[in-house]
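Peer 1: got a sequence here, can you model it:
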Amino acid sequence: MRNRHLRTICTLVVLFTFITNFVPAVHAQRNAIETYAITDARIVPVSGAVIERGTIVIRNGLIVAVGAEIKAPADARVIDGTGLTVYPGLIDANTTLGIPQPSPPATTGERRTVVTATTPAAPQLAAAAFSPNVTQPSGLQPEMLAVDLIQPGGAQIEAARNAGITSALVAPREGIFIGQSAFINLAGETSEQMIVRAPVALHVGFTPLRGGGYPASLMGVFSTLRQMLLDAGRLREANLIYARNPRGLRRPEQDKSLLALQPVLAREMPVVMHVNTEREIIRALDLAEEFKLRIIISGGAESWKVANRLRDVPVLLSLNFPKRTTTEVSEADPDPLRVLRERADAPKTAGRLSAARIRFAFQSGAMTSISDYLANAAKAIENGLGREEALRALTINAAEILGVSDRLGSIEIGKIANMTITRGDLFDRNARVVHVFIDGQPVDLKPATPAASGSGTLVAGTWTLNVNLGEGDQAITLVLQQEGETLRGSIQGALGSAQIANASVSQGGELRFTVPVTVVGQTTEATFTGTITGNQMRGTAQTVGGAPGTFTGTRPGATAPAATPQRTPSNTPANTPPANTPPPGSTNPSGSWRVN
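Peer 2: Numbering: from 1, shown residues only. Alright, predicted model coming up:
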């Protein structure tokens, strides 16, 4: 009898322990699977007619009901949509969000580091960036995977969500065979939680390798592309022969870079070619025809000029329109006619593609201010693109081109609940993104916090530079705008006129950007890296295939005594520092600089 009571007590203790451990876990799971109802909102499904006043029900991350007569479930968290418009979540069809910045290129003969070592996961990222056991140099490794490099969160992803972007196609940052992209949602604590589809496509660029390695010219780039594709085809044939009857045959020597090209040659994976000019696009199309590739054009600034060859070729059209970043500088050379024409044509390209019935989607094109994404789409509408077609280019067109239209791109039952909710029409200048849902969960929209005055490194302004690339000092004007550590801008002067790219500045004053420059009649890409200390800046400028050059700089008036200012005197008291002069010891290079 006593043993029976003892067994009963032990059973009750075990059951109590199980309940106390299991019930909280079940409760946590139920809390993670939320149900939402957005009621009385204007709904733009894209795939169907606009619902002027309707309800959307979200459960377990999916859209489970949408319509004018839908009632909110009793267990739903209700969001009053009165005065709001619900769109499918906006898509950025080609970006590098979540991919760490590459480090500056090394000089000839040194191995290059592909990712920065400033992030917490730098050791793992560095290991992933260099594909082990490979014969090809960095930049010629098609086996590189974006999923191995993605870092969740960060200021850039937050800024994209603030702009209404819920998902994106992300690819490694640079190279000729850049690597394989992934389609991700812009929310998740891990990269695995963000991935919607991977890999999506192989990305190819036509920019020669930096640091003096081969190929260092456009001709070399195309020669290398063709040779690797031919070698991959021969390896595929050799493997097929060996697989049918290996006896008596020497097994083919494997190459993981060439094996990564097999799905491309078999037309199982599309190739995204990063090209903008008419000549580049024609060369890309010719290469695709030669090897029977499924090609997608990315960038496509002059794609409208070859519309007759793009009937079956989609375009990921960049919304990163060229523009003057500040007011024109009187001492700078006037912009060439080519630059002025590019600025005028950029907002018209989408309308021209639409008129030619070319399928296209929008991408951010490495723009430094993602707030320009919708603003430039609105400019495309002002220049001939229909509003409905513009919305499709931001949603369902992108999903169709990238192979995810069965789960994203429109507001339909069963699709992932990615939604962008605005007060006002999406393309109106006064419209505001008020809610964003990703994977059925609301995302906190955090406004960008500007850097405190006098803290960090501020570089916005107009700079006058003298750059020595081996041909003597060349004077240029560099105009910069800054958002946090991100920069955008342009150069004008003896090295030509162009927009800068890949620009950043750290809190410690380390500056980096790339820009096309014209030296001895030849246009090539130069990478500027340097440091800013107080009122001085200095660094190196490396052109593709060329020897490193140098630049140094000071701000006008920085070295001049206060009693003998170089500018016209004003009524400012003698002991009051000029407005553009930072406090001693600060790193605030805003304003006009002269670089010697």
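Peer 1: and the strands in the stretch 151-300 of the chain?
Peer 2: 165-170, 177-180, 182-185, 195-197, 202-205, 271-275, 295-299 (DSSP state E, counting those that start in this stretch).
Peer 1: for those strands, give me TSV that also has mean pLDDT.
Peer 2: What follows is the strands of the stretch 151-300 of the chain, written out as TSV (pLDDT from 0 to 100):
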stretch	mean pLDDT
strand 165-170	96
strand 177-180	94
strand 182-185	96
strand 195-197	96
strand 202-205	95
strand 271-275	95
strand 295-299	96
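Peer 1: any chance of those strands in a markdown table, with mean neighbour count too?
Peer 2: For glycine as for every other residue, the C-beta is placed from the backbone atoms N, C-alpha and C. Converted to a markdown table, the strands of the stretch 151-300 of the chain look like this (neighbours: other C-beta atoms under 10 Å):
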| stretch | mean neighbour count |
| --- | --- |
| strand 165-170 | 28 |
| strand 177-180 | 26 |
| strand 182-185 | 25 |
| strand 195-197 | 18 |
| strand 202-205 | 24 |
| strand 271-275 | 25 |
| strand 295-299 | 25 |
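Peer 1: now render those strands as TSV, adding distance to residue 139.
Peer 2: Formatted as TSV, these follow (distance: least, C-beta to C-beta, whole Å):
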stretch	distance to residue 139
strand 165-170	18
strand 177-180	7
strand 182-185	19
strand 195-197	24
strand 202-205	9
strand 271-275	13
strand 295-299	17
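Peer 1: please name whichever of these is nearest to residue 135.
Peer 2: Taking C-beta to C-beta, strand 177-180 is the member of the strands of the stretch 151-300 of the chain nearest to residue 135, at 13.0 Å.
Peer 1: so residue 297 sits right up against residue 309, yeah?
Peer 2: No - Residue 297 is beyond contact range of residue 309, at 10.0 Å (criterion: C-beta atoms under 8 Å).
Peer 1: excluding covalently adjacent residues, which one is nearest to residue 467?
Peer 2: residue 551 (4.6 Å; C-beta to C-beta, 6 or more residues apart in numbering).
Peer 1: with residue 241 instead?
Peer 2: That would be residue 249: by C-beta to C-beta, 6+ apart, it lies 7.2 Å from residue 241.
Peer 1: now residue 412
Peer 2: Excluding its sequence neighbours, the residue lying closest to residue 412 (C-beta to C-beta, 6+ apart) is residue 47, at 5.6 Å.
Peer 1: show the pLDDT at the nearest residue to residue 83 once chain neighbours are set aside.
Peer 2: Nearest residue to residue 83, sequence neighbours excluded (C-beta to C-beta, 6+ apart): residue 423, at 6.3 Å. You'll see residue 423 listed with a pLDDT of 93.
Peer 1: for residue 430, see how far away residue 423 is.
Peer 2: Plainly put, residue 423 is 9 Å away from residue 430 if you go by C-beta to C-beta, to the nearest Å.
Peer 1: with residue 542 instead?
Peer 2: The value you get for residue 542 to residue 430, if C-beta to C-beta is used, is 45 Å.
Peer 1: excluding its backbone neighbours, what's nearest residue 499?
Peer 2: Nearest non-adjacent residue to residue 499 (C-beta to C-beta, 6+ apart): residue 490, at 5.1 Å.
Peer 1: before we move on, the earlier item: you'd agree the residue nearest to residue 241 is up against residue 240?
Peer 2: No - Residue 249 lies out of contact with residue 240 (C-beta under 8 Å); the separation is 11.7 Å.
Peer 1: out of the helices and strands in the protein, which is least certain?
Peer 2: Counting by mean pLDDT, DSSP states H and E, the chain has its least confident helix or strand at helix 122-129, which shows a mean of 38.
Peer 1: tell me where the protein is predicted with low confidence.
Peer 2: Within the chain, the ranges that satisfy pLDDT under 70 run 1-33, 102-134, 210-212, 324-335, 447-458, 483-486, 507-508, 534-536, 545, 553-596.
Peer 1: any idea what residue 512 is bridged to?
Peer 2: Going by DSSP bridges, residue 512 is paired in beta bridges with residue 504, residue 529.
Peer 1: residues touching it, list them.
Peer 2: By C-beta atoms under 8 Å, 6 or more residues apart in numbering, the contact list for residue 512 reads 104, 502, 503, 504, 505, 527, 528, 529, 530.
Peer 1: now those in CSV, with distance to residue 35 and neighbour count?
Peer 2: Shown next, in CSV, are these (distance: C-beta to C-beta, whole Å; neighbours: other C-beta atoms under 10 Å):
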residue, distance to residue 35, neighbour count
104, 50, 20
502, 43, 19
503, 44, 23
504, 42, 16
505, 45, 26
527, 51, 19
528, 52, 23
529, 51, 17
530, 54, 20
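Peer 1: between those, which is nearest residue 278?
Peer 2: residue 502 (24.3 Å).
Peer 1: and the closest residue to the closest one other than its chain neighbours, how many neighbours does it have?
Peer 2: Leaving aside its chain neighbours, residue 502 sits nearest to residue 514 (4.8 Å; criterion: C-beta to C-beta, 6+ apart). Using other C-beta atoms under 10 Å, residue 514 has 22 neighbouring residues.
Peer 1: does residue 514 really touch residue 527, like I thought?
Peer 2: Yes - assessed by C-beta under 8 Å, residue 514 is found in contact with residue 527 at 4.9 Å.
Peer 1: residue 244: which of the strands of the stretch 151-300 of the chain is closest?
Peer 2: Set against residue 244 and scored by C-beta to C-beta, the strands of the stretch 151-300 of the chain come closest in strand 202-205, at 27.4 Å.
Peer 1: so which elements touch the closest one?
Peer 2: Counting by 3 or more C-beta pairs under 8 Å, 6 or more residues apart in numbering; DSSP states H and E, the packing neighbours recorded for strand 202-205 are strand 177-180, strand 271-275.
Peer 1: export these as CSV, with columns for distance to residue 368.
Peer 2: Below are those laid out as CSV (distance: least, C-beta to C-beta, whole Å):
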stretch, distance to residue 368
strand 177-180, 20
strand 271-275, 18
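Peer 1: out of the ones you listed, nearest to residue 52?
Peer 2: Each of the helices and strands packed on strand 202-205 has some distance to residue 52 by C-beta to C-beta; the shortest is strand 271-275, at 38.2 Å.
Peer 1: send me the closest one as CSV with only the CA atoms.
Peer 2: C-alpha atoms of strand 271-275 as CSV (Å, rounded to 0.1, in the frame of the first residue of the first chain):
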residue,chain,number,x,y,z
VAL,A,271,22.5,35.1,-65.3
VAL,A,272,22.1,38.6,-64.1
MET,A,273,24.5,40.8,-66.1
HIS,A,274,25.3,44.2,-64.6
VAL,A,275,25.5,46.5,-67.6
